[in-house]
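In: My questions concern the predicted model and sequence given below.
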Amino acid sequence: MPTATPPHRRLAAAIADLHRALLGAQAAGTPLAGNPYALLQAVMHDPDFAWLRDFSNLLLSIDEAGAKGATPSPEAMRSFLTRAGHLLDGGDPATMQSHTMLQMHQLRPEIATKAAAMRQVVEDLRQNRS
């Protein structure tokens, strides 16, 4: 019988799906679109992609907390869920640019779908639903 996916992995997967879609949307129509190495460099260094770093940093925090099979503490999970909520809904000056850019890109159906899926995961985890 398969085991349930740990909550931090569910959250990370939802964030990664949205991040990937946003990265593709931001790079669309540029030479970066077909080059994963150039995209990585852009996310790390290009000012036009700086807003995506909030997503990248949250993913990194979740991965670090869950390193080597560890389960993040309830406090860490609450922090991750709060940060994810701020990325989706604003409410934190530190993530306002990411939220604004997300709103702009949500005009694309694939982005809206990924954002809705991430929002659902965040809500389920806040309510402790699997």
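Out: Yes, it's here.
In: mind listing what's buried in stretch 106-125?
Out: Judged by neighbour count (16 or more other CB atoms under 10 Å), stretch 106-125 contains these buried residues: Gln106, Ile111, Lys114, Ala115, Met118, Arg119, Val121, Val122, Leu125. Using the backbone N, CA and C atoms, a C-beta is placed for each residue, glycine as well.
In: Just checking the distance from stretch 15-29 to the centre of its chain.
Out: 10 Å (CA atoms, centre = their mean, to the nearest Å).
In: quick one: average pLDDT of it?
Out: For stretch 15-29, the mean pLDDT works out to 92.
In: again with stretch 56-64
Out: On average, stretch 56-64 scores 94.
In: how about it: buried residues?
Out: Neighbour-count burial for stretch 56-64, counted by 16+ other CB under 10 Å, picks out Ser56, Leu58, Leu59, Ser61, Ile62.
In: and which of the residues you listed is nearest Arg83?
Out: The closest of the buried residues of stretch 56-64 to Arg83 turns out to be Leu58 (CB to CB; 5.2 Å).
In: Now Leu60, what are its backbone angles?
Out: Main-chain dihedrals, Leu60, degrees, to the nearest 10: phi -60, psi -40.
In: Please tell me how far stretch 49-60 is from the chain's geometric centre.
Out: 7 Å.
In: quick one: contacts of that stretch?
Out: 12, 15-16, 18-19, 22-23, 26, 42-44, 80, 83-84, 87, 94-95, 97-98, 100-101 (CB atoms under 8 Å, 6 or more residues apart in numbering).
In: Narrow those residues to those in strands?
Out: Residues of those located in strands (DSSP state E): none.
In: Filter those down to the buried ones.
Out: Neighbour counting by 16+ other CB under 10 Å classes 12, 15-16, 18-19, 22-23, 26, 42-43, 80, 83-84, 87, 95, 98, 101 among those as buried.
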